[in-house]
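> Output the structure for:
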Amino acid sequence: MRLVAAFLSVMLAASAAGATCPEDDAPFPAQYADPTLFERGIAAVAGHQPWHEPLAAVVVPHHLEVPDLIAGGIALMRADPPRRIVLLFPDHFNRTGRGFATTTRSFETVFGMVPNDTDATRRLIAQGLPESCLFESDHGIGALLPFVAHYLPGVPIVPVALSIHSRKADWDRLAGLLAPLVGPDAVIVQSTDFSHYLPHHEARLRDQQVLNILSADDEGALLRLHQPDHIDSLAALYLTRRLTQRPAVVLANSNQQELTSTQLAETTSYMVIAFSENSGPIARQLVDEEVLVLGGDLFLGRRMPQLLADELAERRVAEALLAATGGSPLVVNLEGVVLQDMPTNLPHLTLGMPADVVERWLRRLNVVAVGLANNHAMDLGASGLAGTRAMLTGAAVPHFAHGEAIDLAGLTLVGLRDISNREPPYVDLVSGSDFDALIQRDGERPVAAYFHWGRDGMTTPSARERVLAREASRRGVSVLIGSHPHAASAGPELLDGGDAILFFSLGNFLFDQTGADVSGALVELRIFPQGTVFARQLPLPNLFDIARGQVPER
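Numbering: from 1, shown residues only. Down below sits the predicted model:
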């Protein structure tokens with residue numbers, strides 16, 4: 001199949017090389033004459049919501065095998081059309097000659113004209129970008145323009161073709177030229193496909209590495225990506241990241257193999273990515289991905305039952321949580337023992353919770369599973385843990401203790417506990433055999449590990465946690481999430497060059513603690529049908545303070 005692809009590339013390149021610019025200042029003619037190629041994608045996303053936050057860039061594919069993804073990405077801008085689009089795409093036929101190219105011509109499409117922002121493109125040409133005729137026949141731009149004409153009629157574009165042979169120094173120079181053209185009134189549209197020429201199982205691994213690198217926003221790791229194993233235009237992704245300075249949210253990730261039952265030796269991967277100022281939850285979906293949110297420690301004992309019995313306090317917590325999660329299903333670490341009859345003389349550090357309060361609040365918070373792999377689940381011994389399990393089973397709430405795995409939303413979640421209040425030596429409990437639970441028979445299903453580890457107040461992993469994280473990554477875990485320190489880490493970090501991503505501590509979810517040394521965070525997981533997952537950290541205010549009527553600091 002690689003020989004066929006190479007032959008087609010040669011033939012297409014020869015065809016493109018013969019293309020000439022139209023006479024005078026005439027626009028480039030439409031590359032595609034059949035509107036049904038695009039109407040199929042437009043119809044597929046007709047019910048999707050546009051993006052309502054400030055949008056700096058959108059990454060979409062340029063293969064018309066996935067017109068719904070192209071349409072869905074371009075349609076995000078329709079609620080607040082930009083004044084200008086800077087359109088970056090790879091020069092598929094190596095015709096730029098000098099690394100980059102642009103044009104002052106407009107473009108005809110089956111849905112009407114897409115105008116050129118001639119003031120901007122003439123400025124780029126005056127600054128050294130060559131003008132080229134390559135735009136007449138490169139699908140990197142031609143496959144997108146009908147969607148631009150449909151969703152954003154009249155919005156002018158600044159088209160820029162990028163050579164695969166350009167390097168970082170070239171990209172930095174081009175970024176300086178493009179910087180004045182981007183801003184609050186402009187959106188970058190990056191036309192990019194991802195993994196090329198690999199079987200699906202290898203492409204999926206490359207996609208997961210890209211997803212983790214985008215989540216960590218790690219420029220050094222991004223620059224180590226391979227063309228075309230990971231992406232067809234590293235230049236485009238580097239420029240988008242540098243010019244926007246906004247976090248990425250991956251809304252779709254799929255592969256050509258998913259479109260056919262025939263086994264393909266070589267495939268292409270696709271992503272839709274938004275770069276936005278938004279730091280909150282994203283409820284909208286472009287494909288059939290699942291969304292799951294993970295939180296830290298939940299404790300509903302001691303002062304919590306009386307506090308949350310107040311209707312106003314309950315409403316404040318529920319509203320703050322909805323704002324943080326967008327209503328997505330939750331998984332939390334249930335810290336303590338659930339009791340049908342609460343004794344009045346429990347020691348302060350023996351964490352007990354009344355069963356009726358726990359059941360009501362798990363439903364109120366949209367908790368779909370809880371972790372029991374923590375240092376307080378055995379505070380009342382094996383009988384206490386059995387009682388907790390019985391209550392959760394009766395309430396139809398899935399749960400997982402140390403070394404146990406559950407399947408949720410296309411993801412396998414495994415709990416591991418490295419500390420205990422009852423079992424000597426109390427710390428460093430995870431051993432080699434415990435990692436066996438991380439190895440799943442279904443290699444197409446992503447695995448996340450939920451560790452209970454560290455010490456109170458820690459927000460970065462010690463050598464011990466790094467060893468555990470590395471061992472988990474070596475067993476195929478894509479996402480590692482931690483709890484116990486009661487303080488949230490600043491953000492994620494990459495493991496093994498992008499094979500996995502680590503969120504060391506989510507701190508408190510809802511716990512009767514306050515003060516500057518306690519905090520919480522959430523992790524939103526977007527799980528895609530092909531078996532990849534994009535993880536990003538979301539802020540979470542102190543819900544205990546909110547329940548008490550204290551306004552969180554902004």
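> Give me the pLDDT for residue 53.
Listed pLDDT for residue 53 reads 82.
> show me what contacts it?
276, 277, 278 (CB atoms under 8 Å, 6 or more residues apart in numbering). To be clear about C-beta, it is placed using only N, CA and C from the backbone, and glycine gets the same treatment.
> Out of the residues you listed, give me the one that has the most neighbours.
Highest neighbour count within the contacts of residue 53, by other CB atoms under 10 Å: residue 276, with 20 neighbours.
> What does it show for phi and psi?
Backbone dihedrals for residue 276, given as degrees, to the nearest 10, come out at phi -150, psi 160.
> if I read this right, it contacts residue 247, doesn't it?
Yes. Taking contacts as CB atoms under 8 Å, residue 276 lies within contact range of residue 247: 7.3 Å.
> Relative to its centre, which residue of the chain is most distant?
Residue farthest from the centre of the chain, counting by CA atoms, centre = their mean, is residue 345 at 46.0 Å.
> Would you confirm that that one belongs to a strand?
No. Assessed with DSSP: H, G, I helix; E, B strand; the rest coil, residue 345 is coil; it does not lie in a strand.
> Can you give me the separation between it and residue 309?
21 Å (CB to CB, to the nearest Å).
> From the contact counts, what lies against whichever strand or helix holds residue 320?
Per DSSP states H and E, residue 320 falls inside helix 311-325. The contact analysis (3 or more CB pairs under 8 Å, 6 or more residues apart in numbering; DSSP states H and E) places helix 311-325 against helix 304-308, strand 520-528, strand 532-540, helix 543-547.
> The residue farthest from the centre of the chain and residue 352, how far apart?
11 Å.
> quick one: low-confidence parts of the chain?
1-19, 279, 283-285, 551-554 (pLDDT under 70).
> domains of it?
What automatic domain parsing lists as the domains of the chain is 2-276, 290-547.
> Off-centre distance for the longest one?
Between the mean C-alpha point of domain 2-276 and the mean C-alpha point of its chain there is a distance of 19 Å (CA atoms, centre = their mean, to the nearest Å).
> pull the CA atoms of stretch 323-342 into CSV?
Provided in CSV are the C-alpha atoms of stretch 323-342 (Å, rounded to 0.1, in the frame of the first residue of the first chain):
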residue,chain,number,x,y,z
ALA,A,323,-19.8,25.4,36.8
ALA,A,324,-16.6,23.3,37.3
THR,A,325,-17.7,20.1,35.5
GLY,A,326,-20.4,21.2,33.0
GLY,A,327,-22.5,18.4,34.4
SER,A,328,-20.2,15.6,33.3
PRO,A,329,-20.2,12.3,35.2
LEU,A,330,-17.8,12.2,38.1
VAL,A,331,-15.4,9.8,39.7
VAL,A,332,-14.0,10.7,43.1
ASN,A,333,-12.0,9.1,45.9
LEU,A,334,-14.4,8.3,48.8
GLU,A,335,-12.2,9.0,51.8
GLY,A,336,-13.5,7.0,54.8
VAL,A,337,-16.0,4.4,55.9
VAL,A,338,-19.7,4.5,55.2
LEU,A,339,-21.8,3.7,58.2
GLN,A,340,-25.6,2.9,58.5
ASP,A,341,-25.5,4.0,62.2
MET,A,342,-23.0,6.8,63.0
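> buried stuff in that stretch?
324-326, 328-339 (16 or more other CB atoms under 10 Å).
> Out of those residues, list just those in strands.
330, 331, 332, 333, 334, 337, 338, 339 (DSSP state E).
> Please verify my assumption that the last one contacts residue 350.
No. With contacts defined as CB under 8 Å, residue 339 does not count as touching residue 350, sitting 10.6 Å away.
> what do these two both touch?
residue 380.
> Tally up the residues packed near the residue nearest to residue 31 when sequence neighbours are not counted, please.
Distance criterion CB to CB, 6 or more residues apart in numbering; nearest residue to residue 31, sequence neighbours excluded, is residue 142 at 3.4 Å. Residues within reach of residue 142, counting by other CB under 10 Å, total 21.
> Of all the helices and strands packed on helix 311-325, which one comes closest to residue 195?
Comparing these against residue 195 with CB to CB, the closest turns out to be strand 532-540 (10.7 Å).
> circling back: can you lay out the helices and strands packed on helix 311-325 as JSON lines showing distance to residue 41 and mean neighbour count?
Formatted as JSON lines, the helices and strands packed on helix 311-325 follow (distance: least, CB to CB, whole Å; neighbours: other CB atoms under 10 Å):
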{"stretch": "helix 304-308", "distance to residue 41": "47", "mean neighbour count": "17"}
{"stretch": "strand 520-528", "distance to residue 41": "18", "mean neighbour count": "24"}
{"stretch": "strand 532-540", "distance to residue 41": "22", "mean neighbour count": "24"}
{"stretch": "helix 543-547", "distance to residue 41": "41", "mean neighbour count": "21"}
